[in-house]
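Based on what follows, work out the 3D shape:
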Amino acid sequence: MDLKPQHVREHPRVTTIEWNVVTDGIPPGPFDVIHARLLLAHLPTRRQILADTAARLAPGGVLCIEEWGEHTPPAVLRHPDGSDLPDLYGRYQQALLGMFRAAGNDTTWCAQVADAMAGAGLVEVHTVTHARSWPGGSPGTTLPCLVSVQKEAELVAAGVPVDELRRMRALLADPQTLLLGNLTWSTVGRNPGGAA
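The predicted model follows:
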């Protein structure tokens, strides 16, 4: 299920459908596996949607929720000598997180998913976190560059000067830069019996 299923690669054992979990609810299922990635943190009814999703699992079915969050170690692992990239990138990240929170995103949701799954009756709930490094000029470091261009006016309004954003972009393109990518929290739980 996706709002834009045309972006999902075709596979003979996968069926994609256009669906909006906020307005359409969760399809009746049952499903053996449900995977939601970078979705629920944006939705105000995230806990109810998670509970409704867990109720659609087949016996033994698995729910996997993956989210990014603000719980992350320092992001700049290496940068050109004398550059202020750690400070620039830190201010950019804090401003962006503030914008997310103002739009209703819960940037701490990643750390709440395990509790929400257990509350929905799932068992064997566990979380794995993962991040990989992105060298300067790679697709990973291009992501914050593009976001900072798309959201430049909002970032400037949030207190990040435009010259800092431009300098950050240039440093993120430098091959001497090594950035720690977004920390992904993958939380998995299993339905112990039948669908509720």
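
Kindly list the main-chain dihedrals of His11?
Phi and psi for His11, reported as degrees, to the nearest 10, are phi -150, psi 140.

Report the beta-bridge partner residues of it.
Applying DSSP bridges to His11 gives these bridge partners: Val14.

neighbours of it, just the number please.
Neighbourhood size, His11 [other Cβ atoms under 10 Å]: 8. Backbone N, C-alpha and C define where each C-beta goes, glycine included.

need the longest helix for this structure.
Longest helix in the chain, counting residues (DSSP state H): helix 85-102.

low pLDDT regions in this structure?
Low-confidence segments of the chain (pLDDT under 70): 1-5, 70-73, 194-196.

Can you list the residue ranges for strands in it?
Remark: strands assigned in the chain by DSSP state E are 31-37, 57-68, 76-78, 123-130, 133-135, 178-180, 184-190.

got JSON lines for the ones you listed, with distance to Val21 too?
Below are the strands of the chain laid out as JSON lines (distance: least, Cβ to Cβ, whole Å):
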{"stretch": "strand 31-37", "distance to Val21": "8"}
{"stretch": "strand 57-68", "distance to Val21": "13"}
{"stretch": "strand 76-78", "distance to Val21": "36"}
{"stretch": "strand 123-130", "distance to Val21": "21"}
{"stretch": "strand 133-135", "distance to Val21": "30"}
{"stretch": "strand 178-180", "distance to Val21": "31"}
{"stretch": "strand 184-190", "distance to Val21": "17"}
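
now those as TSV including distance to Trp19 and mean neighbour count?
Output for the strands of the chain, formatted as TSV (distance: least, Cβ to Cβ, whole Å; neighbours: other Cβ atoms under 10 Å):
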stretch	distance to Trp19	mean neighbour count
strand 31-37	12	15
strand 57-68	16	20
strand 76-78	38	15
strand 123-130	25	12
strand 133-135	32	17
strand 178-180	33	19
strand 184-190	21	21
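
That concludes my questions; thank you for your assistance.
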